[in-house]
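J.: Need a 3D model of the following:
(2 chains)
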Amino acid sequence: MAGDRIVGIDLGTTNSLIAFMQGETPIVIPGEDGSNLVPSVAALDRENQPVIGNAARKTLISTPGRAVYSVKRLMGRGVEDIQEELSLFPFRLAEDIQPGEVLRIKLGDQTFTPPEISALILRQLKRNAERYFGSPVTKAVITVPAYFNDAQRQATKDAGRIAGLEVLRLVNEPTAASLAYGLDKKQNGIVAVYDFGGGTFDISILKLHDGIFEVVATNGDTHLGGDDIDNLLISIALTDIEGDLGLDLHRKAEVVQAIRKAVIEAKIALSSQPSAKLDIELPSDRRYLREITREQFEQLIQPIIDRTVGPCRQALKDAGLKPEQINEVVLVGGSTRIPKVRALVKELFQREPHIDLNPDEVVALGAAVQANILGGGSEATENMLLLDVTPLSLGIEVAGGVTDKIILRNSTIPASATQHYTTQVDGQANVAIHVLQGERELAKDCRSLARFDLKGIPPMAAGMARIEVKFLIDANGILSVSAREQRSNKEAEIQVQPSYGLTDEQVEGMILDSFDSAEEDFRQRQVIEARNEAGTILTALERGKKNPVWSHLTTQEKKNISKLEKVLNSVKSEDDYQAIRKAIDALNQGTMRLAELMMDSAVSTALKGKNMDEADMGEGPSAPHPVAKAEFE
Amino acid sequence: MSSAIQIPAQSAALQDYFSFFGLPRKLNIDVAGLDKDFYAMSRKLHPDLYANASRQEQVWSLEQSSRLNDAYRTLKDPVKRTQYLLQLEGVELEEQSKAATEQARSSGQVKKQIVPPDLLEEVFELNMQLEELRGLKKMGEDDPALIEEIGRQKLELEEKHDVLLDELRTCWKSWDTLIEREQSGEVISQDSDQRASMRGKMIDVLNRRNYIRNLVRDVNEVLES
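T.: Prediction:
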């Protein structure tokens, strides 16, 4: 049963979380440091081993060249469409990337594709959950921004596979949030989810009725978030420093990261205080001091937060709704903590938005709810069903470079469309199809998803072949294509060249690499944990032998215990954690009566004012409580 | 959940959208009932219900639920529903428009839509005004009186659009009567002629409606630019 446990993951631009349904309640699983949020930062340590989260954040400040953050911005994108990102973020790309090729990012002297870096983060989350459960985790629901296109979704799914996770479903972040909210409300009505995170913005409008969560329209911007506010503040600080102190620090990565840390702290402080101070140490004992008021801050960020208005209006228009027809507005994402953002939402929808759930955690909680539904459901999720939509129209390029839309945006998924093609010259064996995603009229203005080559068309006169091509968008929002020549009823072979994506073979290769080491990691951790437990029970036994109740045991009982003790002592140094566990269990059983006697005597001594801890042996050798375990180290 | 699913002998692709919902090929449909059936069938067919099922069942669920969504999307919208029915009747609306597009492209001309004769004069006038406003906007200028005039014409067009939808609904009634007669077996010899003329009427209404809708879209584009 434990092997079938499905987790919900929020793979965020700034922070990532993993959650699961504990009974009827979704909960976030904390990391080793006890924190629910794992910063989406990856770094390589001195031995070139990957480090994730808070530990990697330290590397980001000390040796920025060995760390990377906000990699979600690069998922499913090519070198030609991230020029803006490159000017704002310290991404270091490999030099030899061709247009249309998947990106590779330099970390130290190694290179990684964005899905591989995301996979490192996912693997850390997976580990946290495995530590928590004490068993492997292999199945997950991962959330993506609703406005993610096919390539970005595929890249996320690839990341899951590379991390050794079977991705049962990609769920849109705002939709996931609505599931978390809907869990205890269970009411009917129209809900708008305004999701303003670290790097992406989404607006989704849902109709809730009798447990069905039906998305009617969605819109957004996959490159708009708190990151943009940070970058603006950093550039102001750098310009300031250059003007006041004559220091050009744009290329000093360490200083830029220190400034970034300071402006983020100031930004957060300004959500609850009227002003904040920037105090940054600069090279050669200089200092940058500046006070920023909330009013100034709000003026600066106005152009950024105004960019969320257009998508909101479009979503309302697509849903055929007026703002006053929305019953509830839900806020998601860390950037919605900014009072000015809340004011803007209130004005747009003419009502007070909901903030009952932690905006940083609600997406992960919703992912756990969806994971529960996919696992067969429970009392809490009974009757809950999610009907989501595709955020962007799917089209194909026709003569003249025009996009012919075949599945319109906001169509409920799964959705399909069938197109018929024929040949233009006698004996033509191949037909090329260019698939696009976007709302623009011309193919060149839309996102190129893939080029398909239909091959092996039987020789016929021009125009005779009738090739039926079926485009299918699945429940993850990912496209698949199949084709058949109808006269010969022959399945046409399709060759896909994903734009900016990894081929199946590439993903396969990456999986083997990390999967092997993940399995190895998991085994080693099991051995270490089993050894620790063995140590605990053996120490407790030593204490028991010194306890007066020891003499109450029969000779047979004492002989049996010492035999079991010997077995455990001998397997403990070996690498077989299952053998260690077996020996622990056996010793546990054998010392049951001793433990009972100790408890009894402890209770009677406790009455005399003694502490019970020392006698707490019956509990000791069994598995520590998961929560306590998560707080170790 | 893991119990085997009987895959219907008739593949989903062969079934038309009306029969998918167990409906006759009539145009007046109970939309509330359609909604209800859609949700009920979603609760049986959606891929979320087959996450732990066999690969075969998953493929089946994906096919069936995409078919369900496509059918619902088409039937719930009055215009799409009528177009779809005409297509089932052998009218290739899409091909017509595609052929016109292809022809326009190969001749290097802008695709000409056939202007409904009764709109000819009005549309000519409106296009002139739109051209003028486009020019002004390019120069960064404005003309409130012109904008007001265009806005007034837009409202008129929108009214015409609604009138056409009403006309379409009237066609539905006549069409459905023919279908009912056919179902009860009392077919009259003139019925096939009537059917053909009704098809022609609906094609005409749809073409006019599409023309007006495109025109309103153009007006909006210029006004919002």
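J.: Output the set of residues of chain B in proximity to chain A.
T.: By the rule CB under 8 Å from any CB of the partner chain, the part of chain B lying against chain A is B:1, B:39, B:42-43, B:46-48, B:51-52, B:62, B:65-67, B:69-70, B:72-73, B:102, B:105. (Glycine included, C-beta is placed from N, CA and C.)
J.: Now which of those residues would you call buried?
T.: Buried by 16 or more other CB atoms under 10 Å in any protein chain shown: B:39, B:42, B:46-48, B:51-52, B:62, B:65-67, B:69-70, B:72-73, out of the residues of chain B next to chain A.
J.: From those residues, which one has the minimum pLDDT?
T.: Note: of these, the lowest pLDDT belongs to B:Asn52, at 84.
J.: On the three-state scheme, that residue is what?
T.: Judged by DSSP: H, G, I helix; E, B strand; the rest coil, the three-state class of B:Asn52 is coil.
J.: the helices in chain B, which residues?
T.: B:17-20, B:31-45, B:55-76, B:78-88, B:93-106, B:120-138, B:144-184, B:191-224 (DSSP state H).
J.: So for the fourth one, what gets flagged as buried?
T.: I take that to be helix B:78-88. Counting neighbours by 16+ other CB under 10 Å, helix B:78-88 gives B:78, B:81-86 as buried.
J.: repeat for the first one
T.: When burial is assessed from 16+ other CB under 10 Å, helix B:17-20 yields the following buried residues: B:17-18, B:20.
J.: One more: the last one?
T.: Applying a neighbour-count criterion of 16+ other CB under 10 Å, one finds B:195, B:198-199, B:201-203, B:205-212, B:215-216, B:219, B:222 buried in helix B:191-224.
J.: where along the stretch 151-300 of chain A do the strands fall?
T.: Per DSSP state E, counting those that start in this stretch, the stretch 151-300 of chain A carries strands over the ranges A:166-172, A:189-196, A:201-209, A:212-221, A:275-282, A:286-293.
J.: quick one, which of those strands is nearest to A:Glu397?
T.: Closest approach to A:Glu397 among the strands of the stretch 151-300 of chain A (CB to CB): strand A:212-221, 24.0 Å.
J.: and the closest one, how far from the chain's centre?
T.: 20 Å (CA atoms, centre = their mean, to the nearest Å).
J.: that older thread, how about the helices of chain B in JSON lines, adding distance to A:Tyr69?
T.: What follows is these, written out as JSON lines (distance: least, CB to CB, whole Å):
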{"stretch": "helix B:17-20", "distance to A:Tyr69": "48"}
{"stretch": "helix B:31-45", "distance to A:Tyr69": "40"}
{"stretch": "helix B:55-76", "distance to A:Tyr69": "36"}
{"stretch": "helix B:78-88", "distance to A:Tyr69": "46"}
{"stretch": "helix B:93-106", "distance to A:Tyr69": "47"}
{"stretch": "helix B:120-138", "distance to A:Tyr69": "43"}
{"stretch": "helix B:144-184", "distance to A:Tyr69": "48"}
{"stretch": "helix B:191-224", "distance to A:Tyr69": "38"}
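J.: A:Ile52: which of those helices is closest?
T.: Going by CB to CB, the one of the helices of chain B nearest A:Ile52 is helix B:55-76, 32.5 Å.
J.: angle of the closest one against helix B:31-45?
T.: 170 degrees (axes from the mean of the first three to the mean of the last three CA atoms, to 10 degrees).
J.: So what touches helix B:55-76?
T.: Identification of contacts with helix B:55-76 by CB atoms under 8 Å, 6 or more residues apart in numbering or on different chains yields A:411-417, A:472-475, B:4-5, B:7, B:12-13, B:15, B:17-18, B:20-21, B:23, B:29, B:31, B:34-35, B:38, B:41-42, B:45-47, B:49-50, B:53, B:80-81, B:84.
J.: circling back: weakest of the helices of chain B by average pLDDT?
T.: Mean pLDDT is lowest for helix B:93-106 out of the helices of chain B, coming in at a mean of 55.
J.: Look up how far A:Pro391 lies from the residue nearest to the spatial centre of chain B.
T.: With distances taken as CA atoms, centre = their mean, B:Lys80 lies nearest the centre of chain B, 2.3 Å away. Counting by CB to CB, to the nearest Å, the gap from B:Lys80 to A:Pro391 is 21 Å.
J.: just A:Ile259 next, same as before
T.: As defined by CB to CB, A:Ile259 lies at a distance of 35 Å from A:Pro391.
J.: So which of the two has more stuff around it?
T.: A:Pro391 (27 against 24; other CB atoms under 10 Å in any protein chain shown).
J.: can you pull the contacts of the more buried one?
T.: A:146-149, A:172, A:218-220, A:409-410, A:477.
J.: Let me see the contact set for the residue nearest to the centre of chain B.
T.: Neighbouring residues of B:Lys80 by CB under 8 Å, 6+ apart: B:73-74.
J.: Any buried residues in stretch A:87-98, and which?
T.: So, applying 16+ other CB under 10 Å, buried residues of stretch A:87-98: A:88-92, A:97.
J.: With only the CA atoms kept, save it in PDB.
T.: Extracted C-alpha coordinates of stretch A:87-98, given in PDB (Å, rounded to 0.1, in the frame of the first residue of the first chain):
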ATOM      1  CA  SER A  87      20.100  40.200 -19.300                       C
ATOM      2  CA  LEU A  88      18.200  40.000 -16.000                       C
ATOM      3  CA  PHE A  89      19.300  36.700 -14.500                       C
ATOM      4  CA  PRO A  90      22.800  35.300 -13.900                       C
ATOM      5  CA  PHE A  91      22.200  32.200 -16.100                       C
ATOM      6  CA  ARG A  92      25.500  30.900 -17.600                       C
ATOM      7  CA  LEU A  93      24.700  29.000 -20.800                       C
ATOM      8  CA  ALA A  94      27.000  26.600 -22.600                       C
ATOM      9  CA  GLU A  95      28.500  28.400 -25.600                       C
ATOM     10  CA  ASP A  96      27.600  26.000 -28.400                       C
ATOM     11  CA  ILE A  97      23.700  25.900 -28.200                       C
ATOM     12  CA  GLN A  98      22.000  26.100 -31.600                       C
END
